[in-house]
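1. Here is a sequence with its predicted model. Questions after.
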Amino acid sequence: MARGWTAQRWTAVFTEQAAMFREAVGGADPAAPVPSCPGWTFTELTLHVARFLETSVEHLRTGSQVRLDPLPAPDARLPLDYLDAQLARAAEVLPQVPANRATWTFSPAAPDLAWVWHRRVAHEVDLRRWDAQAALRTLVPGAPGLAADFAADGIDESLGTLLAAKHATDSPPTARGTALVALTDLPESWLVTFTPGEVPDVRAPQPGEQADVTVSGEAQLVHYGLWGRLPLRAEGDPALVRALRLD
C-alpha cells in the first residue's frame, strides 16, 4: 500500500470529491461540452462516473477473483438518478471492505487486494471533479488540506499501477528509454524504464541518476499533467513523455 495512505483516507477523499462532482454536474447543462474530455457532454461525464463506480464497487462488494462481466448499459435518459444511486452505493460499500480483502484488480503491477480499488475510486472521482469544474470555470484545488500529498499518491498510482494496465491494452507503449519524474514541493521521485513488449519498470531513482527525459514540478501540476489536464514541464525525448501520459 502507498506510504501514509489507507483505505479509510482514500474513502474520505472520495466522499469529499464525490460531493463536489455531484454539485458541479447537477448545476450544469447536460448538453454542455466538457473540454478536457473531447467529444463528451456533461451527460457522458455523469454516466462515465456512475458506470465506473458501479463496476468498481461490484468488485469490492463481491470479492470476485476474476474480472466481472460488463454490466448492462445504463439508462442514459436519467444520468443524475443513475449517478446518485451509484454514489450512495459506493458510500455504503467502500468503508465496509477491508483494505487487504482479496479481489481481482485491473493491473499486472498491482496486488489483488481491495485497497487498489479504494485508491482508484478516489483518484478517478477527483479527476472527473476537475473535468466538471474546469468546464464550468469553478475549479478549486483538489483534496483541500492534503492536495500535494494526494497528488503525489496519484502520480504513484499512475506510474506504478496504471502504466502497467495501459501496457495490457490494445495500444501498449512502444517507447524505449528512461523517464525521471521529480517533484519540487515533496521529496518523492520515480524512475520509469520503458522496454517494448514489457510492463514498465518503476522504482525510486538513485541520487544523481540521469534519464532520457525528466519531468518536474509541483505534485498537483505533475499529477494533472500526466492525465493531460495541464502542461507537463518535461525535457528530453517527446516519445517518452507521451508514453508517460495517461490521457
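-> Happy to help now that I have it. Numbers count the residues shown, from 1 in each chain.
2. So which elements touch the lowest-mean-pLDDT helix or strand in the chain?
-> Ranked by mean pLDDT, DSSP states H and E, the weakest helix or strand in the chain is helix 163-167, scoring a mean of 89. Contacting helix 163-167 under the criterion 3 or more CB pairs under 8 Å, 6 or more residues apart in numbering; DSSP states H and E is no other helix or strand. Just so you know, the C-beta spots here come from the backbone N, C-alpha and C atoms, and that holds for glycine as well.
3. now it: how far from the chain's centre is it?
-> For helix 163-167, the separation from the chain centroid amounts to 13 Å (computed by CA atoms, centre = their mean, to the nearest Å).
4. ok, residues contacting it?
-> When contacts are defined by CB atoms under 8 Å, 6 or more residues apart in numbering, helix 163-167 is touched by residues 106-110, 172-173, 192, 198-200, 202, 244, 246.
5. Pull the number of nearby residues for residue 55.
-> 16 (other CB atoms under 10 Å).
6. Would you mind measuring from the residue of the chain most remote from its centre to residue 93?
-> Going by CA atoms, centre = their mean, the residue of the chain most distant from its centre is residue 208, 29.2 Å out. Distance, residue 208 to residue 93, using CB to CB, to the nearest Å: 46 Å.
7. do the same with residue 136
-> As judged by CB to CB, residue 136 and residue 93 stand 29 Å apart.
8. Then residue 63?
-> In this view, residue 63 and residue 93 are 11 Å apart by CB to CB.
9. Pick out whichever of those two has more residues nearby.
-> residue 93 (18 against 13).
10. which stretches of this structure have low pLDDT?
-> 1-2, 141-146, 170 (pLDDT under 70).
11. if we go to 90?
-> Along the chain, segments meeting pLDDT under 90 span 1-4, 69-77, 140-147, 166-175, 197-198, 247.
12. Please, where are all the helices along it?
-> Ranges of helices in the chain, per DSSP state H, are 7-26, 42-62, 79-93, 115-136, 147-157, 163-167, 219-226, 238-244.
13. Where do the domain boundaries of this protein fall?
-> Using automatic domain parsing, the domain parsing of the chain gives 7-136, 149-244.
14. okay, how far is it across the longest one, tip to tip?
-> Across domain 7-136, the terminal residues are separated by 31 Å (CA to CA, to the nearest Å).
15. cool, the shortest one as well?
-> End-to-end distance for domain 149-244, by CA to CA: 20 Å.
16. List the single closest residue to residue 123 in space, sequence neighbours excluded.
-> Distances taken as CB to CB, 6 or more residues apart in numbering put residue 154 closest to residue 123, at 4.9 Å, once the chain neighbours are dropped.
17. who's in contact with that neighbour?
-> So residue 154 contacts 123, 126, 223 (CB under 8 Å, 6+ apart).
18. picking up where we left off before, any chance of a ChimeraX selection covering the buried ones in the contacts of helix 163-167?
-> Restricted to buried positions by 16 or more other CB atoms under 10 Å, the ChimeraX selection for these reads:
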select :106,107,109,110,172,173,192,199,200,202,244
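19. what's the spacing between residue 194 and residue 81?
-> Separation of residue 194 from residue 81 (CB to CB): 43 Å.
20. Of those two, which one has the most company?
-> Neighbours were counted for residue 194 and for residue 81 using other CB under 10 Å; residue 194 has more, 24 against 12.
21. Name whatever forms a beta bridge with that one.
-> Under the criterion DSSP bridges, residue 194 forms beta bridges with residue 177.
22. Show the contacting residues for the residue lying closest to residue 13 once chain neighbours are set aside.
-> Excluding its sequence neighbours, the residue lying closest to residue 13 (CB to CB, 6+ apart) is residue 122, at 4.4 Å. Contacts for residue 122 were tallied using CB under 8 Å, 6+ apart; they are 10, 11, 13, 14, 17, 150.
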